[in-house]
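> kindly return the folded structure for what I paste below:
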Amino acid sequence: MDPAGIAYSLDQLMELAGLAVAQATAAVFPLTKAPSSPSILVLAGPGNNGGDGLVAARHLALWGYPVSVCYPRRPASQPHYARLVAQLEAAGVPFVGEAEAEAGVRAAGVVVDALLGFGARGRPRPPLAALVDALRPSASPPPIVAVDIPSGWGVDEEEEGEAGHDDPRPTVLVSLTAPKHCAARFGGAHHYVGGRFIPPALAAKYGLALPMYPADGAQVVRVGGSGAAAAGGAAAATTGAAVAGEAAAAAPAAAGLDVAAMRADYGDPSSSALPDPAASGDPLAIFAAWFAVAVESGAAEEPNAMVVATSDPATGAPSARFVLLKGYDARGFQFYTNLRSRKAKELVPPTPAAPPRRAALVFYWECLKRSVRVEGPVEAVPAAEADAYFASRPRGSQVGAHASRQSSPLEGGRAELEAAVAAAGAAFADPSQPIPRPPSWGGFLVRPDRFEFWAGASSRLHDRVVYEKAEEGGGGWKVSRLAP
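Purely as a prediction, here's the structure:
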């Protein structure tokens, strides 16, 4: 149905809407190299909202995402829907039944909720009711991308009623044309307006303050999140050109971004999705299980990214930076760096006899609502291990390690670095000859004596479990649960 009376066909509307949903999904959950890309389960209902989801599924699949679709109630009266199904089948997208989809919701990396749209009223009926139930916070679903109206929400309900405390809580809301009244309830991290349906003259006629779309063909504009772009009816995106692209980042006040209100509602931690830290006495084994889930679920492009925090031994000034975990075993956690860098200088004791310095590591997998903190003394990785790891690095990274004096000022700017890289590349131009590890490059091993496992929960009542190395009793672990 053409919402504005401007002669759009159903095919056109669904193509524009579905592309907007696909672009918003890809923006928040970027495509990475297999098998790390998030698996996407599209739940499609029988109406136009479901058709939007089918189009989004096609685009995402053609972009390379692993996509599956559950489409339990297929309208027989309109051939357009049958064509959308045929297109997905031709693209190799598998369809799953509703029973399989209920179980698959938790296993998916991302769920696109295209079940119920603008015209839905009251509690959904079977078989859609069970699928909506699988999206409720009490079921601990994965991140949800809601198409226009999150399933189970009343389109005009600007505030959550007492009965709505377990309504689905999407991470991403894609409001089509303009946000509806219920978008005022949205507390997720990413709110988009999408579709490019309305010409400027028609928007002016009805007083619609719609965002300006970028000129690169994008069908969506991010208008905030965590309530920052709450709707006030169909006219509601109170934004302008300032919210598009870099202006929003450069001038959040001009873009109307309420930073203080940005918060996600994590729902309740699942006891089955990931192991309960209190159920095991081996924190390293728990970390290994959590890390495996982060890798397999595609929760991040680099799930081994971690913050390394150190401090200046003379002044106590802290510093932190992201590095990549390069190994872990019973000894601890390994990473590598230039030994002339600030972190290395803050980790190497002044003499071999001096007590070891300490470091703290932090892992955060946003899509899983999980974080791990690790603390402990630090020692150098044995030279033989550093040599072996250096030999496994891409040749360009090996050349870069020789060229870069990490953390030192580049008096000649970027050109100075590029000249150093060119010189190192010339020195190691023969690809048949291995590049030796430079003396200024090595690794560190953090031997943990404290782990903290964190799981996000609703109302900021997060779950925190700490393992601390016991000084007595043979080096076991003392386990305690902390207040959030």
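> specify the local secondary structure of the spatially closest residue to Pro30 that is not a sequence neighbour.
Distance criterion Cβ to Cβ, 6 or more residues apart in numbering; nearest residue to Pro30, sequence neighbours excluded, is Glu301 at 6.4 Å. In short, each C-beta sits where N, CA and C put it, glycine included. Of the three states, Glu301 takes coil according to DSSP: H, G, I helix; E, B strand; the rest coil.
> okay, buried residues for stretch 89-105 please.
Residues of stretch 89-105 classed as buried: Val93, Phe95, Val96, Glu98, Ala101, Glu102, Gly104, Val105 (neighbour count, 16 or more other Cβ atoms under 10 Å).
> let me see the ranges of the helices in the protein.
Taking DSSP state H as the criterion, the chain carries its helices at 10-28, 48-63, 79-90, 98-107, 128-134, 200-205, 246-250, 283-297, 342-347, 383-392, 395-403, 414-427.
> quick one: the last one to chain centroid distance?
Going back to what we said before, that points to helix 414-427. Relative to its chain's centre, helix 414-427 lies at 35 Å (Cα atoms, centre = their mean, to the nearest Å).
> show me what that helix is packed up against.
Packing partners of helix 414-427 (3 or more Cβ pairs under 8 Å, 6 or more residues apart in numbering; DSSP states H and E): helix 395-403.
> tabulate the CA atom coordinates of stretch 431-449 in PDB.
The C-alpha atoms that make up stretch 431-449 are tabulated as PDB, following Å, rounded to 0.1, in the frame of the first residue of the first chain:
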ATOM      1  CA  PRO A 431      61.000 -13.000  -0.600                       C
ATOM      2  CA  SER A 432      62.800 -16.300  -0.300                       C
ATOM      3  CA  GLN A 433      64.800 -15.100   2.700                       C
ATOM      4  CA  PRO A 434      63.100 -15.000   6.100                       C
ATOM      5  CA  ILE A 435      63.000 -11.700   7.900                       C
ATOM      6  CA  PRO A 436      64.500 -11.900  11.400                       C
ATOM      7  CA  ARG A 437      62.700 -10.600  14.500                       C
ATOM      8  CA  PRO A 438      64.200  -7.200  15.300                       C
ATOM      9  CA  PRO A 439      65.800  -6.900  18.800                       C
ATOM     10  CA  SER A 440      63.300  -4.100  19.600                       C
ATOM     11  CA  TRP A 441      60.300  -6.300  19.200                       C
ATOM     12  CA  GLY A 442      59.000  -9.000  21.600                       C
ATOM     13  CA  GLY A 443      56.100 -10.300  23.600                       C
ATOM     14  CA  PHE A 444      54.700 -10.200  27.100                       C
ATOM     15  CA  LEU A 445      52.900 -12.800  29.200                       C
ATOM     16  CA  VAL A 446      50.300 -11.700  31.800                       C
ATOM     17  CA  ARG A 447      50.100 -14.400  34.500                       C
ATOM     18  CA  PRO A 448      46.600 -13.900  35.900                       C
ATOM     19  CA  ASP A 449      45.900 -13.800  39.600                       C
END
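> which positions within that stretch qualify as buried?
435, 437-438, 440-449.
> most widely separated two among the residues you listed?
Ile435 and Asp449 (36.2 Å; Cβ to Cβ).
> quick one: furthest residue from the center of this structure?
Distance from the C-alpha centroid of the chain peaks at Ala353, with 43.8 Å (Cα atoms, centre = their mean).
> now do the contacts for that residue.
Listed by Cβ atoms under 8 Å, 6 or more residues apart in numbering, Ala353 has no contact partners.
> got phi/psi on it?
For Ala353, the backbone dihedrals (degrees, to the nearest 10) come out as phi -80, psi -10.
> against Ala82, how distant is Ala17?
Distance of Ala17 to Ala82, given as Cβ to Cβ, to the nearest Å: 19 Å.
> so between those two, which is more surrounded?
Neighbours were counted for Ala17 and for Ala82 using other Cβ atoms under 10 Å; Ala17 has more, 28 against 12.
> so what's Gln334 bridging to?
Beta-bridge pairing for Gln334 (DSSP bridges): Gly327, Leu445.
> isn't it right up against Gly327?
Yes - counting by Cβ atoms under 8 Å, Gly327 is a contact partner of Gln334 at 4.1 Å.
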